[in-house]
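Q: Would you be able to build a 3D model of this:
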Amino acid sequence: MVEPIQHVVVEPLRLDDYEDIRKSMEEAYAQSGMEVWKRSSIERLIKLFPEGQLGVRVDGKVIGCALTLMLDSTELDDRHTYLDVIDHYRFGTHTSTGDLLYGIEMYVHPEYRGQRLGRRLYDARKQLCEDLNLRGILFGGRIPNYSQHSEEMTPRQYIDAVKRKEIFDPVLNFQLSNDFRAVRVLKGYLPEDKRSEEYAVLLRWDNVSYQKKPSHKRNQQVVRLGLVQWQMRTVSGLEQFLDQMEFFVDVVSSYRTDFGVFPEFFNAPLMAEFASLSEPEAIRGLARFTDAIHEKGVELAVRYNVNLLLGSMPYMEEERLYNVGFLCRRDGSSERYGKIHITPSEREAWGMVGLDEIRTFDTDCGKIGVLVCYDVEFPELGRLLSDQGMRILFVPYQTDTQNGYVRVRVCAQSRAVENECYVAAVGSVGNLPRVKNMDIQFSQAAVFTPSDFSFPTNGIKAEATPNTEMVLIADVDVALLRELHSYGAVRNLKDRRTDLYELTLKKTATGAK
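A: Below you'll find the predicted structure:
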């Protein structure tokens, strides 16, 4: 017997709520045989989308919850499954630029049912949808009583009978009473749900307050890339360097590219000013220009209507030297990424340290990842970004010799195959006689693809002429990646044996603020 309720509140879940969640979920699903969520999955959701993970707290204890992702409706297949939506518990489908909420869990402890606590969770989720100005809410609803009627009617007939009140279904009746409408039947949605015979009903609630937002998003499936194979040349100062930078932005914009990409340390020509200093002092002198180049990148991205990736540059913060770059979006926003693994020469010559953050970035062309040079030689990073929903991986690099370049190239092409994504890699060419540790360059920019029938047989979409200043333009079709994921000759992401092994991101805080 449950004690009379003194206090009820619906609020975002906390990391320390897991034991309450586990115990109440075990009770809620005791008869269904469905698995309880793991702590690592709950923690990942809370870190990814904290406001979307709601719990109903009764007298201080969580007795039910509603877990939610934000999705891009154009990326959602009409015949999806539950595992497709949650990306096999990696949640790479979540995007902060989505237009729909998708409910992936909702339950209430059985001893607390009948007290309208589930309705409170639904109302809170609807309020969140309105606050975020999203189109609506979707989820696949179970029909647990269908197994009692499956021999005499189809799922569609069963749903119609529930609507007419001829059959009672505890889940579907509740969802229909909360203003959700049935959209279609989903077959094979939840294989372990035997009571529903693996069927579900796709249910939708429309946000009547939704206001369409102005956006640069084109919703195109084909994304055009512009890789700047940059010539290292002596410049008289920052102004001349920025003129050269703007010239190439103008070029990629004139070809209507969605991304313009510069190489690692493409600002190295400015280091000649500090040629008389020691190597640690010279690289710190170069870091003085980084903020100005970043500001110019933001300005150019808006003016030329192209997303820019500013390769990488040295950056000083709290007396520590990092290797960072900037994503400058054409809507005027920008974010920083950085090199995680520092090469022995960068560490020994300059005292450089690595950042601690591994994450994807939302853009108007979908989620992207950036691995700076040496980072692409660590396959774990590419897989972690893939788990977060990355579709295009950018690799700005700086290699002095051909063997160094081959390491980056071979690893970049491997990341495209194993992560079912496109990889665009670009470096610099030429030489800088007065710049220590960056005096010679070797590059052949390229765009790599997965290796399957819908892609080039050699896995190379396009490549530049070696050691020649030029811009490489290439179109990549992200729709082909979705087809590969579900219907490819091999399916690297789906066929992983996660029952035997798991790749875990241990740290989410960045090493530089």
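Q: outside of stretch 478-494, which residues touch it?
A: Residues from elsewhere that reach stretch 478-494, judged by CB atoms under 8 Å, 6 or more residues apart in numbering: 75, 77, 88, 221-223, 365-366, 386, 391-392, 417-422, 450, 452-455. Just so you know, the C-beta spots here come from the backbone N, C-alpha and C atoms, and that holds for glycine as well.
Q: any low-confidence regions in the stretch 201-350 of the chain?
A: Across the stretch 201-350 of the chain, the ranges flagged by pLDDT under 70 are 214-220.
Q: change it to 90
A: Residues of the stretch 201-350 of the chain that meet the criterion pLDDT under 90 lie in 212-221, 233-236, 271-277.
Q: again with the stretch 51-200 of the chain
A: Judged by pLDDT under 90, the stretches of the stretch 51-200 of the chain that qualify are 73-79, 87-90, 92, 96-97, 112-116, 170-171, 174-175, 177-179, 190-195.
Q: if I pick the residue lying closest to Tyr122 once chain neighbours are set aside, what's in contact with it?
A: In space, and not counting its chain neighbours, Tyr122 is closest to Asn178: 4.8 Å by CB to CB, 6 or more residues apart in numbering. Going by CB under 8 Å, 6+ apart, Asn178 touches Arg119, Tyr122, Trp205.
Q: Give me the contact list for stretch 56-65.
A: Stretch 56-65 has contacts (CB under 8 Å, 6+ apart) with 3, 5-11, 13, 17, 20-21, 24, 28, 53-55, 105-109, 111-112, 117-118, 120-121.
Q: which of those count as buried?
A: Buried by 16 or more other CB atoms under 10 Å: 10, 13, 17, 20-21, 24, 28, 53-55, 105-109, 112, 117-118, 120-121, out of the contacts of stretch 56-65.
Q: quick revisit: which of the contacts of stretch 478-494 fall within strands?
A: Counting by DSSP state E, those place Val222, Val223, Gly366, Ile392, Tyr422 in strands.
Q: hang on, the earlier thing: only the buried subset of the contacts of Asn178, as a ChimeraX command please.
A: The buried subset of the contacts of Asn178, as determined by 16+ other CB under 10 Å, is captured in ChimeraX by this line:
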select :122,205
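Q: can you tell me which of the contacts of Asn178 are in strands?
A: Going by DSSP E, the strands hold Trp205 from the contacts of Asn178.
Q: I'd like the contacts of Asn178 as a markdown table, with distance to Gly92 appended.
A: Formatted as a markdown table, the contacts of Asn178 follow (distance: CB to CB, whole Å):
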| residue | distance to Gly92 |
| --- | --- |
| Arg119 | 31 |
| Tyr122 | 26 |
| Trp205 | 24 |
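Q: just curious, which of the contacts of Asn178 is nearest to Lys436?
A: Trp205 (62.5 Å; CB to CB).
Q: For that closest one, give me its contacts.
A: Contact partners of Trp205, counting by CB under 8 Å, 6+ apart, are Lys126, Cys129, Gly136, Ile137, Asn178, Asp179, Phe180, Arg181.
Q: send the alpha carbons of stretch 358-378 over as PDB?
A: Listed next in PDB are the C-alpha coordinates belonging to stretch 358-378 (Å, rounded to 0.1, in the frame of the first residue of the first chain):
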ATOM      1  CA  ILE A 358      35.500  14.700 -28.300                       C
ATOM      2  CA  ARG A 359      32.300  15.900 -29.900                       C
ATOM      3  CA  THR A 360      30.400  16.500 -33.100                       C
ATOM      4  CA  PHE A 361      29.000  19.900 -34.300                       C
ATOM      5  CA  ASP A 362      25.600  20.700 -35.700                       C
ATOM      6  CA  THR A 363      25.500  22.500 -39.000                       C
ATOM      7  CA  ASP A 364      22.900  23.300 -41.600                       C
ATOM      8  CA  CYS A 365      24.200  20.200 -43.500                       C
ATOM      9  CA  GLY A 366      24.000  17.800 -40.600                       C
ATOM     10  CA  LYS A 367      26.400  16.700 -38.000                       C
ATOM     11  CA  ILE A 368      30.100  16.900 -38.700                       C
ATOM     12  CA  GLY A 369      33.300  15.900 -36.800                       C
ATOM     13  CA  VAL A 370      36.800  17.300 -36.900                       C
ATOM     14  CA  LEU A 371      40.000  15.400 -36.200                       C
ATOM     15  CA  VAL A 372      43.200  17.500 -36.500                       C
ATOM     16  CA  CYS A 373      46.000  15.600 -38.300                       C
ATOM     17  CA  TYR A 374      47.500  13.100 -35.800                       C
ATOM     18  CA  ASP A 375      44.100  12.600 -34.200                       C
ATOM     19  CA  VAL A 376      42.800  10.700 -37.300                       C
ATOM     20  CA  GLU A 377      45.400   8.000 -36.600                       C
ATOM     21  CA  PHE A 378      43.500   7.000 -33.500                       C
END
